[in-house]
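# Sequence and predicted structure below; questions after.
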Amino acid sequence: MTYYGGKELADAFRTVRKNTIKIAQDIPEDKYGFKPTPESRSIGQTLAHIATLTTFQMMLHGERIPIEKIDFQEYMKKVGAAEAALKTKAEIIAGLTDAGEKFAKMLEGLTDETFFAEVITFQPGATPPSRTRFDLLLAAKEHEMHHRGQLMLMQRLVGITPHLTREQQERMARFQAQAAAKTN
């Protein structure tokens, strides 16, 4: 018996996506073109990338297309086009919302423990050479968290305090006010 399955993956992913959407909402659209370096993705490009990053997982685990049948060059072209199609703040937020919920619903429907344990073997030369489906599904959340860290730094660079930091500051202020009230 496992204690972490499809429902737990879906719940955790929804939490991550909710926070990503909050970042997308907090950043003014006129800052979506900001790049920390010339060779970096912009804020908007990073958010569009996040909106499309579950596409591979949906094919491999949702549609159950065998990995050896996926044409990665064609796949990368399609994902690149999907990212480029998300131009405005509203389109990006809608993409984040729609794709995120579609992926979370797919995760919720995964209940077979043997499915999670199945090993996917990659093309020769890949590192690592194989991973379990569970590890690959968890990697979608990890990938988003990686880019969300970048976005939180970009928020700071454009003068915005990230919402998670603001929430922590508000909690600390409440705790300090409660402590001060007890001593008075």
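Arrived safely.

# Least confident secondary structure element in the protein?
helix 113-117 (a mean of 89; mean pLDDT, DSSP states H and E).

# Whichever helix or strand comes after that one: partners in the sheet, and parallel or antiparallel?
Per DSSP states H and E, the first helix or strand lying C-terminal to helix 113-117 is strand 119-121. Next to strand 119-121 in the sheet, as set by DSSP bridges, lie strand 130-132 (antiparallel).

# Now the least confident helix or strand of the chain: buried residues?
By neighbour count on 16 or more other CB atoms under 10 Å, the buried set for helix 113-117 is Phe115, Phe116. The C-beta positions use only the backbone N, C-alpha and C, and glycine is treated the same way.

# So which elements touch it?
Counting contacts by 3 or more CB pairs under 8 Å, 6 or more residues apart in numbering; DSSP states H and E, helix 113-117 packs against helix 133-157.

# Tell me how far the helix it packs on lies from the chain's centre.
Averaging C-alpha positions (CA atoms, centre = their mean, to the nearest Å) puts helix 133-157 5 Å from its chain's average.

# Outside of it itself, list whatever touches it.
Residues from elsewhere that reach helix 133-157 (CB atoms under 8 Å, 6 or more residues apart in numbering): 9, 12-13, 16-17, 19-20, 23, 26-27, 34, 36, 43, 46-47, 49-50, 53-54, 57, 60-61, 103, 107, 110, 115-118, 120, 131, 161-162, 164-165.

# Buried only: go through these for me.
Buried members of the contacts of helix 133-157, counted by 16+ other CB under 10 Å: 9, 13, 16-17, 19-20, 23, 27, 43, 46-47, 49-50, 53-54, 57, 60-61, 103, 107, 110, 115-116, 131, 162.

# if we can go back for a sec, output the least confident helix or strand of the chain as CSV, restricted to C-alpha atoms.
What follows is helix 113-117, C-alpha atoms only, in CSV (Å, rounded to 0.1, in the frame of the first residue of the first chain):
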residue,chain,number,x,y,z
GLU,A,113,-0.2,1.2,-8.0
THR,A,114,1.4,-1.0,-10.6
PHE,A,115,1.0,1.9,-13.2
PHE,A,116,3.1,4.2,-10.9
ALA,A,117,5.8,1.6,-10.5
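
# Can you name every helix or strand that the helix or strand encompassing Asp98 contacts?
Using DSSP H and E, Asp98 maps to helix 89-108. Contacts defined by 3+ CB pairs under 8 Å, 6+ apart place helix 89-108 against helix 6-26, helix 43-52, helix 55-57.
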